[in-house]
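[1] Sequence first, predicted coordinates after that:
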Amino acid sequence: MMVIAVSNAPPRLRGRLAVWLLEIRAGVYVGDYSARVRDRIWEQVCAGIDDGDGLICWTAPTDQGFDFDTVGLNRRMPHDFDGLKLVTFSPPLENGTE
């Protein structure tokens, strides 16, 4: 199982994701593919995200039971803490936007 969430993604990327995955909410896509296909889909997101940002989360044999990665400018970034992947939260940018 994997989940991809995108914000401010161009329509061409959202359309490409909708071909492979089910869009259960605006910008949130789910599916169940092999690691190889998941990596290929994530490559498409990374290549086409432009000024947006994205997150992928998938089932993995870790202590947490899942793993995740991000792309683009985002206030929430993954951080490894003694083998656990946690999220660091950055303060807002100076102009008041995320």
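    Sure, I can see it.
[2] what sits against residue 19?
    By CB atoms under 8 Å, 6 or more residues apart in numbering, no residues touch residue 19. Where C-beta positions appear, they are placed from N, C-alpha and C, glycine not excepted.
[3] Next, find the distance separating residue 84 from residue 64.
    6 Å (CB to CB, to the nearest Å).
[4] now for the lowest-mean-pLDDT helix or strand in the chain, which elements pack on it?
    None of the helices or strands of the chain scores lower by mean pLDDT, DSSP states H and E than strand 76-81, at a mean of 83. In terms of contacts (3 or more CB pairs under 8 Å, 6 or more residues apart in numbering; DSSP states H and E), strand 76-81 is packed against strand 66-72, strand 84-89.
[5] Pull out the buried residues from the longest helix seen in the chain.
    If you go by DSSP state H, the chain has its longest helix at helix 35-48. For helix 35-48, the neighbour count (16 or more other CB atoms under 10 Å) marks 38, 41-42, 45, 48 as buried.
[6] what angle do that helix and strand 66-72 make?
    Relative orientation of helix 35-48 and strand 66-72, computed by axes from the mean of the first three to the mean of the last three CA atoms, to 10 degrees: 20 degrees.
[7] residues in contact with helix 35-48?
    With CB under 8 Å, 6+ apart as the criterion, helix 35-48 contacts 2, 4, 6, 9-10, 12-13, 16-17, 20-21, 31, 33, 54, 56, 58, 69, 71.
[8] Quick check: mean pLDDT of whichever helix or strand comes after it?
    Downstream of helix 35-48, the next assigned helix or strand under DSSP states H and E is strand 53-59. Here strand 53-59 scores 95 as its mean pLDDT.
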